[in-house]
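> How does the following fold in three dimensions:
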Amino acid sequence: MKLRNSPIRKTLLGLCLLAPYGVAQDAPPAKPAADVPTKVAPAKTEQPQARIAEITVSIDGTEDPAASNPFGKTKLNYHGFLKFVEDAAADPKLDAILLTPKTYGVGWARLLEVRTALSKLRKSGKKVFVYMESMQSADLVIASVADRISIPESGSVFLPGIATESLYMREMLAKVHVKFDVVHIGEYKTAGESMVRDTMSDALKEALNPILDELYSGLVDSISEGRGLSKDAVKAAIDKGIMSAREAKKMGLIDRIEYRDEFKAGIRAHFPGKKLKWADDYRKKNKNAIDPNNPMAALSVIFSQMMGSEREPKLNGPKVAIIYCTGAITSGSSQYDWQGSIASMGSETIVKAIDKARKDKSIKAIVLRINSPGGSGLASDMMWRAIERAKAEKPVIASMGDVAASGGYYIAMNSHRIFAEPQTITGSIGVVGMMPNLDGLYRWVGITPQRLSRGKRAEALGTSKGLDEDSRVMLRDYMKAFYGDFVAKVAAGRGMTPAEVEPLARGRIWSGRAALRNGLVDQMGGLRDAVAHARAKAAIDANLVEGEGFHVVEYPRRGGPFDALQKMLGVYVKQLGIDRSVLQHMPALRRALTWVASVQAVAKDRVCAFAPELAGLTAVHER
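Presented below is the predicted three-dimensional model:
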């Protein structure tokens, strides 16, 4: 019988193929199990744990929107750090934090805001431990909230107090035959006086001394409260200046003299009977992080981020937008330094961000985060108008950082509510115009300008000769009109009359606390306070969890590395031609060059709303 292609053949073949898997044969009957006595393992008791997170307070003088990291954890920006501390305080699984302060160039207002956030974390029941090899003023201000502060026996504590220094360059400029013509409206509008004087004016001293008093009080009060010392004891430590570890311990500024291994071992005493678990990975990773083992996915993300700005994530639910208004104010686009951080605030960039947030229906409120000494009056007014349009549709809240003065105050003054820290430097409601006179320099080096012109004012604002009296009158009249508009807009925004604003104006700077007394701001508080107020003002459901049902978004969006490379020809590279890392070790030169570069950046607008140089007041310490 032929079996090829027959049903019988196919059946036999199928049985042969399935047999190895036990489908075509019966399993042998199972043998009955013998009776074996059951052993019960003793219950295993786990030792209770104390979870400790290591946190670095890494804050510098910049404030930018957060940059995403597609490969894992995202570096926290300033707002992100404050939110992170809030979350840590509310985490029931966290018992303590090991804190490492790392601050550079951060001002007193933000420094004390960070301290307040960490103090709330400790009050939530978390232990706070600090270990450093040496400490300066900013470190101790933050560390003073801790339960235990330790440094090694070779370490030191340096409390130099508060100081400001301005470099007066008239004589230096005279040696190269350069003069400046400075016209200012308001006797306290002293920006630019360092170009035309050899010593500080009485008006500037009058304005700065109350600021120094406020900052000094903040330093003394924070250390006194945190360390349980009298104010006189803290002042004595400040007057002593630099102290060895033993002297610092004797004066009550630190708790222990020990090395890091001894310090970590000593923490066990705070948690008797518990096993310490160091949560090095406490911060959550990016949920959208790609698999680094997938080369095509990695290359795709790298390429997209290098070729353009970051994509805005799609977030469901209501939002509050933070718009960062950072740096000297200029017309045009914002400029970036070589690290991709904002170096100057361009009106076109900020107006575009405000308009985007205004038109986005999911964004229910806007927070303007301002860290700026001012700049172009024209650019400030363009941003003011964009804010006027936005506030007609949704709440607009201003949050002042270390400094929001002159043009920085201009863009805050019409907000629905203004938050400032007690140590914020604000005000400076006034106008200044500066013109270089290079006639002497040209003659000195053998250059002879030859001019042909039409029109009476054709050469009025040229740099090859100084302002004559007629041109000075013309410029002053224009600046008076701008100053009058400035005062009128302050009055309208603050619910005052121009006559009430005038004595608070005249270019004078105020601390945040004094500004509150004078009605120039509404409330003491930081960035997170402003976000909370904006959320409440927009009637966003308080039960929604931030980061899940409710989101905080940040503008303007950061560019990719190639975008930053194109834009970085700004203050530090294009205008100064010096690497910032070099200037970090030359603080006096850095301040002078940054000031000159900032003036140059806004010079095309002729009339500026600049605060006086505030060296030493907007940056805590120089390392």
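> switch to C-alpha atoms for all contacts and neighbour counts from now on
Fine.
> check contacts around Y410.
Y410 makes contacts with S380, D381, W384, I429, F486, V490, as judged by CA atoms under 8 Å, 6 or more residues apart in numbering.
> One more: R528?
The contact partners of R528, by CA under 8 Å, 6+ apart, come to H79, L82, K83.
> Buried among those? Make that a ChimeraX selection.
Below is the selection syntax for ChimeraX that covers the buried ones among the contacts of R528, with 16 or more other CA atoms under 10 Å defining burial:
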select :79,82,83
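> Kindly reformat the contacts of R528 as a markdown table containing pLDDT.
As requested, the contacts of R528 are arranged in a markdown table below (pLDDT from 0 to 100):
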| residue | pLDDT |
| --- | --- |
| H79 | 91 |
| L82 | 91 |
| K83 | 92 |
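> In which helix or strand does the closest residue to K83 other than its chain neighbours reside?
Once its chain neighbours are removed from consideration, K83 has its nearest residue in R528; the separation is 7.6 Å (CA to CA, 6 or more residues apart in numbering). Element membership of R528, judged by DSSP states H and E, is helix 527-537.
> which stretches of the stretch 501-623 of the chain have low pLDDT?
Under the criterion pLDDT under 70, the flagged ranges of the stretch 501-623 of the chain are 558-623.
> one more time with 50
Regions of the stretch 501-623 of the chain meeting the criterion pLDDT under 50 cover residues 561-562, 564-585, 603, 620-623.
> Looking at the contacts of R528, spot the one nearest I254.
When the contacts of R528 are ranked by distance to I254 (CA to CA), L82 comes first, at 25.1 Å.
> Now for the closest one: which residues touch it?
By CA under 8 Å, 6+ apart, the contact set of L82 is V114, A117, R528.
> 6 Å instead, please
L82 makes contact with no residue under the criterion CA atoms under 6 Å, 6 or more residues apart in numbering.
> Go ahead and list the helix or strand containing it.
Taking DSSP H and E as the criterion, L82 maps to helix 78-90.
> what's downstream of that helix, the next helix or strand?
Of the helices and strands lying after helix 78-90 in sequence (DSSP H and E), the nearest is strand 96-104.
> Now do the helix or strand following that following strand: everything it contacts.
Using DSSP H and E, the next helix or strand after strand 96-104 towards the C-terminus is helix 108-123. Applying CA under 6 Å, 6+ apart, the external contacts of helix 108-123 come out as A89, I142, V145, D402, E421, Q423, T424, V620.
> Need the residues you listed in JSON lines (columns: neighbour count).
Conversion of those to JSON lines gives the following (neighbours: other CA atoms under 10 Å):
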{"residue": "A89", "neighbour count": "23"}
{"residue": "I142", "neighbour count": "28"}
{"residue": "V145", "neighbour count": "27"}
{"residue": "D402", "neighbour count": "28"}
{"residue": "E421", "neighbour count": "26"}
{"residue": "Q423", "neighbour count": "32"}
{"residue": "T424", "neighbour count": "31"}
{"residue": "V620", "neighbour count": "24"}
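> Could you tell me which of those belong to strands?
Restricting those to those inside strands, with DSSP state E as the criterion, leaves D402.
> Pick out whichever of the contacts of helix 108-123 sits closest to E546.
Checking the contacts of helix 108-123 against E546 with CA to CA, the nearest one is A89 at 14.8 Å.
> if I pick the closest one, what's in contact with it?
For A89, the set of contacting residues under the criterion of CA under 6 Å, 6+ apart consists of L121, S124.
> before we move on, the earlier item: out of the contacts of helix 108-123, list just those in helices.
With helices defined by DSSP state H, the entries of the contacts of helix 108-123 inside them are A89, I142.
> Now tabulate the contacts of helix 108-123 in TSV and tack on distance to A191.
Shown next, in TSV, are these (distance: CA to CA, whole Å):
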residue	distance to A191
A89	43
I142	32
V145	37
D402	18
E421	23
Q423	20
T424	18
V620	21
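> Going by neighbour count, which residues in the strand ranked longest in the chain are buried?
The strand of greatest length in the chain, counted in residues with DSSP E as the criterion, is given as strand 49-60. By neighbour count, and taking 16+ other CA under 10 Å as the criterion, the buried residues in strand 49-60 are A50, R51, I52, A53, E54, I55, V57, I59, D60.
> Kindly report the same for stretch 449-466.
Within stretch 449-466, the residues that qualify as buried by neighbour count (16+ other CA under 10 Å) are E459, A460, L461, S464, K465, G466.
> Helix, strand, or coil at the residue nearest to the third one when sequence neighbours are not counted?
Spatially, and ignoring its direct neighbours in sequence, L461 is nearest to L467 (7.0 Å; CA to CA, 6+ apart). For L467, the secondary structure call by DSSP: H, G, I helix; E, B strand; the rest coil comes out as coil.
> Who wins on neighbours among the contacts of Y410?
Compared across those, I429 has the highest neighbour count, 30 neighbours, by other CA atoms under 10 Å.
> quick one: contacts of the helix or strand hosting I370?
I370 belongs to strand 363-372 when assigned by DSSP H and E. Identification of contacts with strand 363-372 by CA under 6 Å, 6+ apart yields 319-328, 394-401, 403-404, 408, 534, 538.
> ok, and the closest non-adjacent residue to T448?
Y442 is the one closest to T448 (CA to CA, 6+ apart), at 6.5 Å.
> for I151, what are its contacts?
Applying CA under 6 Å, 6+ apart to I151 gives the contacts Y131, M132, E133, I257, E258.
> Closest one of the residues you listed to G446?
If you rank the contacts of I151 by distance to G446 using CA to CA, E133 comes first, at 56.5 Å.
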